[in-house]
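# pasted the sequence and its predicted model underneath.
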Amino acid sequence: LRTSRRKPFWVMFAAAVIWYADTMTVSCFLPDLQYIEAWAVHIHNAGLGQVYQGSPLYNYPPLMAYALWLFGLPFADVGALKDSLYLFKFLPLAFDLAAAIVAVKWAGDRRREALCLLVLVANPIYVFESFTWGQIDSTYCALVFFSLYAAVRDRPVSSALLFTLAFNFKIQALLFAPLFGLIWLWKFRQPWAPKRVALAWGVCGIFQFALLIPFIAAGQLGHMLGILASPVNYYHSISMNAFNFWHFFYGERSYVMDDTAVRVAGGLTAQQAGLALFFGISLLILAPPFLRIVKAKIKNQPYLWSEESLLLMFSLIPLVFFFFCTQMHERYAQPAILFVAVYSFRTRRYWLLALMFAAYGVNMDYVYQGMITEGWQRVLFNTRLVASIYAALVAALGWYYFRSLSKPAVTEPGALTAPADPRPAGAP
């Protein structure tokens, strides 16, 4: 009976995989494709260790370079590599599809899991960034998502490795570092013994060093660290086409306005004001669980933390970052999608996911289509309208988050306790 119930789920997933494999096209967002092509060609000609010496500047962590290096190995000449580069989209697409399975299974709604799967894998907005755009954000977004899932399931070694993989694909994954810090503080000693924590980060340290070997051998480690230490201020636009908070004030002019020159309230620059809003709101989100965890540790008592509250926290932080900070690209809301999806599926508040997809989809398509606003598109691609949808989503998620914190933790559905660990203290 269980097998028969799951057949529609796997049939739909297999159908989606076949569909995407059969309909994969050469279409990509041309500016990004040109960068990726130049990096792939440089790696092919000069070697993996020299990627940070190429032009245009490669400013990603090393795993993106590894992926391009592996992709280019079967090709004897650069022409064949360029002609086949659109197939590189299968990498982020694979992460999209794998994350969809985990999201639906995590949600735990067996009666609706096939429908929930369709909402993701049959949704052109969900796979837009990988399948249509040709970018790789899906990789690190999925890895962060998997890392939280592993942490919730008390697998610290897996969680730490997955997070290490995430920020080695894209530096933006470090946005989640304080959130994982809270989780590790919460689970430290009970149920995660210090030996398990030390093992997890010891393994990650060895893995990180291994990733850096080609760049150390090429004498490029210092140059690489110098590039990665300055991940911002490549563009000084108030908004790099992200329909966020700043579009309420400046609309489409946000793209051509310098965030270090425009002054707002209190004489702050737009960049400073955006950062102040992001850090201030993030503090409001993270402070309550932090204080409760510390209090529980001092009293040597378990702290119950619901999965719903965790999912909301992981949804809110990337959305607040996207919504208030300057220099944001349209793609930077994507890390929230999977967490919003699982929360929506678990609680059946599907309208939250609908808001997420509506705002994200219109924003992405606007940029991909060349920022065309003629006729009916003036209504659909109204930047302030999309910013309003994002604002409503952030407000709703914030409401549910703080309400989840105010409830007695014992009565929370899906509450996560810190039970005694049945495994030996040294087990991974």
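It's in.
# hey, let's count contacts and neighbours off CA atoms from now on
OK.
# helix, strand or coil: sort out residue 233 for me.
Put simply, residue 233 is coil when judged by DSSP: H, G, I helix; E, B strand; the rest coil.
# which residues in the stretch 301-428 of the chain form strands?
Ranges of strands within the stretch 301-428 of the chain are 305-306, 328-329, 415-416, based on DSSP state E, counting those that start in this stretch.
# can you give the strand pairings for the first one, parallel or anti for each?
In its sheet, strand 305-306 lies beside strand 415-416 (antiparallel), with partners assigned from DSSP bridges.
# lowest-confidence stretch among the strands of the stretch 301-428 of the chain?
Ranked on mean pLDDT, the bottom entry among the strands of the stretch 301-428 of the chain is strand 415-416, at a mean of 46.
# any weak-confidence spans in this protein?
1-6, 370-379, 407-428 (pLDDT under 70).
# can we see that at 80?
1-7, 231-234, 370-381, 407-428 (pLDDT under 80).
# report the longest helix in it, please.
Counting residues, the longest helix found in the chain (DSSP state H) is helix 270-298.
# give me the helices and strands touching that one, please.
Applying 3 or more Cα pairs under 8 Å, 6 or more residues apart in numbering; DSSP states H and E, one finds that helix 270-298 contacts helix 177-187, helix 307-324.
# and the ones you listed, which is most packed in?
Mean neighbours per residue, mean count of other Cα atoms under 10 Å, is largest over those for helix 307-324, with a mean of 23.
# what angle do it and helix 270-298 make?
160 degrees (axes from the mean of the first three to the mean of the last three Cα atoms, to 10 degrees).
# which residues sit against helix 307-324?
For helix 307-324, contacts defined as Cα atoms under 8 Å, 6 or more residues apart in numbering pick out 152, 175-176, 179, 242-246, 274-275, 277-278, 281-282, 285-286, 328, 332-333, 335-337, 339-340, 342-343, 390-391, 394, 397-398, 400-401, 404-405, 414-416.
# out of those residues, which are buried?
152, 176, 179, 242-246, 274-275, 277-278, 281-282, 285, 328, 332-333, 335-337, 339-340, 342-343, 390-391, 394, 397-398, 401, 404-405, 415-416 (16 or more other Cα atoms under 10 Å).
# list the buried residues for the longest helix of the chain?
Residues 270-275, 277-279, 281-282, 285, 289-290, 293, 297 are the ones in helix 270-298 that count as buried (16+ other Cα under 10 Å).
# now for residue 214: which residues touch it?
Applying Cα under 8 Å, 6+ apart, the residues near residue 214 are 48-49.
# helix or strand for it, which one?
According to DSSP states H and E, residue 214 maps onto helix 194-217.
# immediately after that helix, which helix or strand?
Trace forward from helix 194-217 with DSSP H and E and the next one is helix 221-228.
# for that next one, list the C-alpha coordinates in CSV.
Taking Å, rounded to 0.1, in the frame of the first residue of the first chain, the C-alpha atoms of helix 221-228 are listed here in CSV:
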residue,chain,number,x,y,z
LEU,A,221,46.1,31.5,-2.7
GLY,A,222,46.8,35.0,-1.5
HIS,A,223,45.3,36.5,-4.7
MET,A,224,42.2,34.3,-4.3
LEU,A,225,41.7,35.3,-0.6
GLY,A,226,42.1,39.0,-1.5
ILE,A,227,39.3,38.7,-4.1
LEU,A,228,37.0,36.8,-1.9
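# use 29 as the first number for this chain going forward.
Yes, from this point I'll number from 29; that puts the last item at helix 249-256.
# that helix - contacts with which helices or strands?
helix 222-245.
# from the middle of its chain, how far away would the helix it packs on be?
Put simply, helix 222-245 sits 22 Å off its chain's centre (Cα atoms, centre = their mean, to the nearest Å).
# for it, C-alpha coordinates in PDB please.
Output of helix 222-245 as PDB, limited to C-alpha atoms (Å, rounded to 0.1, in the frame of the first residue of the first chain):
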ATOM      1  CA  PRO A 222      31.800  17.900  21.900                       C
ATOM      2  CA  LYS A 223      33.700  15.100  20.200                       C
ATOM      3  CA  ARG A 224      31.100  15.000  17.500                       C
ATOM      4  CA  VAL A 225      31.300  18.700  17.000                       C
ATOM      5  CA  ALA A 226      35.100  18.600  16.900                       C
ATOM      6  CA  LEU A 227      34.900  15.700  14.400                       C
ATOM      7  CA  ALA A 228      32.500  17.600  12.200                       C
ATOM      8  CA  TRP A 229      34.600  20.800  11.900                       C
ATOM      9  CA  GLY A 230      37.800  18.800  11.700                       C
ATOM     10  CA  VAL A 231      36.500  16.900   8.700                       C
ATOM     11  CA  CYS A 232      35.400  20.300   7.200                       C
ATOM     12  CA  GLY A 233      38.800  21.800   7.800                       C
ATOM     13  CA  ILE A 234      40.600  18.900   6.000                       C
ATOM     14  CA  PHE A 235      38.100  19.100   3.100                       C
ATOM     15  CA  GLN A 236      38.600  22.900   2.800                       C
ATOM     16  CA  PHE A 237      42.300  22.500   2.700                       C
ATOM     17  CA  ALA A 238      42.000  19.900   0.000                       C
ATOM     18  CA  LEU A 239      39.900  22.300  -2.100                       C
ATOM     19  CA  LEU A 240      42.600  24.900  -1.900                       C
ATOM     20  CA  ILE A 241      45.500  22.700  -3.000                       C
ATOM     21  CA  PRO A 242      45.400  23.600  -6.700                       C
ATOM     22  CA  PHE A 243      45.500  27.300  -5.900                       C
ATOM     23  CA  ILE A 244      48.300  26.900  -3.300                       C
ATOM     24  CA  ALA A 245      50.300  24.900  -5.900                       C
END
